[in-house]
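Trainee: Here's a sequence, model it:
(chains A and B)
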Amino acid sequence: MADEEKKEQAQAPDAAGKPTAPAAKAAAPAKPKGPAPEPLENELTRRLKARYGDAIGDCTQDRKQAIVVVAASRLVDICGYLRDEEKFDFLTDLTAVDAYERQPRFDVILNLYSFDKNERLRLKAPNDGQCPSATGVWTTANWLERECYDMFGIVFEGHPGLKRILLPDEWRGHPLRKDYDILKQDTQWVRENLGIESGQ
Amino acid sequence: MEKTRGVSTTVLGADEIVLNMGPQHPSTHGVLRVILKLDGEKVVSSECVIGYLHRGVEKIGENRSYPQFAPYVDRTDYVAAVSNGLGYCEAVEKLLGAEVPPRARWVRTILAELQRLASHLLWLGTHALDIGAITPLFYTFREREEILKVFEKYCGARLTTHAFRIGGLLYETYDGFEEDVKRFTADFDARIQEYEELLTENRIWVQRTRDIGIITAEEAKDLGATGPVLRGSGVRWDIRKAFPYAAYDQFDFTIPVGQRGDTYDRYLVRLEEMRQSRRIILQAVDSIPEGPIMARLGKVIKPPPGEVYHSIEAPKGELGYYIVSDGSIQPTRLRIRPPSFVNLQALDKMIRGHLVADVVAVIGTLDIVLGEVDR
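Mentor: Next comes the predicted model:
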């Protein structure tokens, strides 16, 4: 046990010393070891591409899960089509990922499920902080989009009442953004409402 | 439109009043605040105010390594910590492409089903208490105590158990684990019978729950409801059957459904689920395979880049974890899809037209835990 710990410690300064080489080392053995995303082509993606053309981006499969990138501008049309024609009638989850240094910055993620086919489908809509609302297609999206707005500051156009849901209404900042540090907080709000200097 | 803009800002009719319920209210099961717009004693519309228990669990997840974050998930749905841990560990295992040894899968199934019983028992006791039946609470807590004792003997903790590790189990089962589980499950059927005698044909109970908080199958799907709320409306859907995980594909059990989608049906569904859980436990405890309890994963958990969504049938509904990895020891994004949060959205639809006293019944029947709603 003690020997193994020593080994690890011996490796650590190495990794810190040469930032480029260990990264390559780590990436190379990871490929055969674990699952990786691969392109996906099936009936559904063909139908989607035939119908929506350029609005359908990369179709991939990751850990046997289907992912389709769609243009945010056509999101509502595509969702309506998937619900009515392709029987993906259940919105399991709606969330977002902050890619930070990428353009466009955010991905809105919709996890769909079809009771008829017993299949899941994940939609990704890249956007720059503005995305059409899916509330017209699934009522579920209402609170989920509010949470997304609260945490990422993504504005869902056409949402019937977009306001914060978990944080106080007057809070400034969106905590799940990558540039919002884990120790950051709205000190002014904390001072005014809790009567303390810091919540930390 | 009106419902989401908030009752507090809408114009009131001549006979209408606004009533604030919670966040400090014994029957809201935590810190849930509901603003009710009433016409006499009838609910016209409502708005939920949540977030009082928000701790930023997802943000913490992005700043911890994968194993470090495991104890945090116990604190989302704190009355079903084992289920949370199971969902999280399995999601990370899927991300890694790791294979969990059969013995670990069996023990996980047994503990997760015991947790479902514990969660449903807590629900039954408090739900009945909210409606005015005090006795069932003492009965259900008596049984729940036995389950928590098993957890305590297994891993030392009763509530926030951290029972599983990524890749399998840390602890081998203790001597007498099988006997303890068997002794508890052997007479559990008789216990459910006791609860049924107290409630199922009790006139007050039936009057307070029949046709209260009706939600149709279509509405439930549209609102994203899962778990007993969806099944109470007649949709025969359970993730243990749809996407079997742990060792559920090995056991024989059925999915109970309701017909009317009212509070009484959801009560019957959960009672039957307890019986089915008992069946699963009995089958599993007799067939625990021998072998290792931990997969070989290496010292540092570093999933290859990519993303995964994995969900389990938690006692309250679909509990999902969506994890994005960039190949480092910390996730880029860790999303918890909470069943309570999504199910709670159905509250407004379910209480419209009912009396204030029924709001209490409907909050109970949704079986929410605010730690999970707010995360």
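
Trainee: can we go C-alpha only for contacts and neighbour counts from here?
Mentor: Will do.

Trainee: give me the low-pLDDT residue ranges for the stretch 1-150 of chain B?
Mentor: Low-confidence segments of the stretch 1-150 of chain B (pLDDT under 70): B:1-10.

Trainee: ok, which residues in it are in contact with chain A?
Mentor: Contact residues, the stretch 1-150 of chain B versus chain A (CA under 8 Å from any CA of the partner chain): B:1, B:4-5, B:49-52, B:54, B:58-60, B:63, B:94-97.

Trainee: Also the stretch 201-350 of chain B?
Mentor: Counting by CA under 8 Å from any CA, the stretch 201-350 of chain B sits next to chain A at B:221-224, B:242, B:303-308, B:327, B:333, B:335, B:337, B:342, B:345.

Trainee: Quick one, which of those residues are buried?
Mentor: The neighbour-count test (16 or more other CA atoms under 10 Å in any protein chain shown) marks B:221-224, B:303-308, B:327, B:333, B:335, B:337, B:342, B:345 as buried among those.

Trainee: So which of those residues are in helices?
Mentor: If you go by DSSP state H, these have B:221-222, B:342 in helices.

Trainee: possible to save these as TSV with pLDDT?
Mentor: Converted to TSV, those look like this (pLDDT from 0 to 100):
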residue	pLDDT
B:K221	91
B:D222	91
B:V342	92
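
Trainee: which one among these gets closest to B:V269?
Mentor: B:K221 (17.4 Å; CA to CA).

Trainee: Give the phi and psi angles for the spatially closest residue to the closest one that is not a sequence neighbour, as a check.
Mentor: Nearest residue to B:K221, sequence neighbours excluded (CA to CA, 6 or more residues apart in numbering or on different chains): A:F90, at 6.1 Å. Here is the backbone geometry of A:F90 (degrees, to the nearest 10): phi -130, psi 120.

Trainee: Quick one: residues in contact with stretch B:208-216.
Mentor: Residues from elsewhere that reach stretch B:208-216 (CA atoms under 8 Å, 6 or more residues apart in numbering or on different chains): B:131, B:233, B:260-265, B:349-351, B:354, B:358, B:361-362.

Trainee: Kindly report the same for stretch B:355-370.
Mentor: So stretch B:355-370 is contacted by B:27-32, B:41-43, B:53, B:77-79, B:123, B:126-127, B:130-131, B:208-209, B:212-213, B:229, B:263, B:266-267, B:316, B:340-341, B:343-344, B:347, B:350-351 (CA under 8 Å, 6+ apart).

Trainee: Just the ones of those in helices?
Mentor: Those of those lying in helices (DSSP H): B:123, B:126-127, B:130-131, B:208-209, B:229, B:263, B:266-267, B:340-341, B:343-344, B:347, B:350-351.

Trainee: Any of the residues you listed buried? List them.
Mentor: B:123, B:126-127, B:130-131, B:208-209, B:229, B:263, B:266-267, B:340-341, B:343-344, B:347, B:350-351.

Trainee: Where do the strands of the stretch 201-350 of chain B begin and end?
Mentor: B:306-314, B:317-325, B:331-337 (DSSP state E, counting those that start in this stretch).

Trainee: same thing with chain A?
Mentor: With strands called from DSSP state E, chain A shows them at A:38-39, A:56-62, A:65-70, A:90-98, A:106-114, A:119-127, A:130-132, A:155-157.

Trainee: Find the one among those strands with the highest mean neighbour count.
Mentor: strand A:90-98 (a mean of 24; mean count of other CA atoms under 10 Å in any protein chain shown).

Trainee: elements contacting that one?
Mentor: Counting contacts by 3 or more CA pairs under 8 Å, 6 or more residues apart in numbering or on different chains; DSSP states H and E, strand A:90-98 packs against strand A:106-114, helix A:141-152, helix B:217-222, strand B:331-337.

Trainee: Just the C-alpha atoms of it, please, in PDB.
Mentor: Extracted in PDB, the C-alpha atoms of strand A:90-98 (Å, rounded to 0.1, in the frame of the first residue of the first chain):
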ATOM      1  CA  PHE A  90     -42.200  12.400 -23.400                       C
ATOM      2  CA  LEU A  91     -39.700  15.100 -22.400                       C
ATOM      3  CA  THR A  92     -37.600  13.500 -19.700                       C
ATOM      4  CA  ASP A  93     -35.200  16.300 -19.000                       C
ATOM      5  CA  LEU A  94     -34.200  19.700 -20.300                       C
ATOM      6  CA  THR A  95     -30.900  21.200 -19.300                       C
ATOM      7  CA  ALA A  96     -27.900  23.000 -20.600                       C
ATOM      8  CA  VAL A  97     -24.100  22.700 -20.800                       C
ATOM      9  CA  ASP A  98     -21.800  25.700 -20.800                       C
END
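
Trainee: Centre of the chain to it, how far?
Mentor: Here strand A:90-98 is found 7 Å from its chain centre; the criterion is CA atoms, centre = their mean, to the nearest Å.

Trainee: With adjacent residues omitted, what lies nearest to A:R164?
Mentor: Leaving aside its sequence neighbours, A:R164 sits nearest to A:D150 (CA to CA, 6+ apart; 4.8 Å).

Trainee: With A:D181 instead?
Mentor: A:D181 sits nearest to A:P175 (CA to CA, 6+ apart), 7.7 Å away.

Trainee: Touching, the one you found and A:M151? I think so.
Mentor: Yes: taking contacts as CA atoms under 8 Å, A:P175 lies within contact range of A:M151: 5.4 Å.

Trainee: between the buried ones among the residues of the stretch 201-350 of chain B next to chain A, which is nearest B:R165?
Mentor: Using CA to CA, these come closest to B:R165 at B:P303, 15.1 Å.

Trainee: Quick one: end-to-end length of stretch B:147-163, please.
Mentor: Start to finish, the residues bounding stretch B:147-163 are 14 Å apart (CA to CA, to the nearest Å).

Trainee: again, but for stretch B:155-175
Mentor: End-to-end distance (CA to CA), stretch B:155-175: 13 Å.

Trainee: cool, stretch B:34-49 as well?
Mentor: Stretch B:34-49: ends 6 Å apart by CA to CA.

Trainee: How about that stretch, which residues are buried there?
Mentor: Buried, per 16+ other CA under 10 Å, within stretch B:34-49: B:34-39, B:42-49.

Trainee: can you list the strands of the stretch 201-350 of chain B in a markdown table and add mean pLDDT?
Mentor: Below are the strands of the stretch 201-350 of chain B laid out as a markdown table (pLDDT from 0 to 100):
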| stretch | mean pLDDT |
| --- | --- |
| strand B:306-314 | 92 |
| strand B:317-325 | 93 |
| strand B:331-337 | 92 |
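
Trainee: list the contacts for the closest residue to A:Q103 other than its chain neighbours?
Mentor: Leaving aside its sequence neighbours, A:Q103 sits nearest to A:D128 (CA to CA, 6+ apart; 7.5 Å). When contacts are counted by CA under 8 Å, 6+ apart, A:D128 touches A:103-106, A:154.

Trainee: let's see it at 10 Å
Mentor: Shown here is A:D128, whose contacts under the criterion CA atoms under 10 Å, 6 or more residues apart in numbering or on different chains are A:72, A:98, A:102-108, A:154-155.

Trainee: Could you report the separation of it from A:C59?
Mentor: To A:C59, A:D128 is 21 Å away according to CA to CA.
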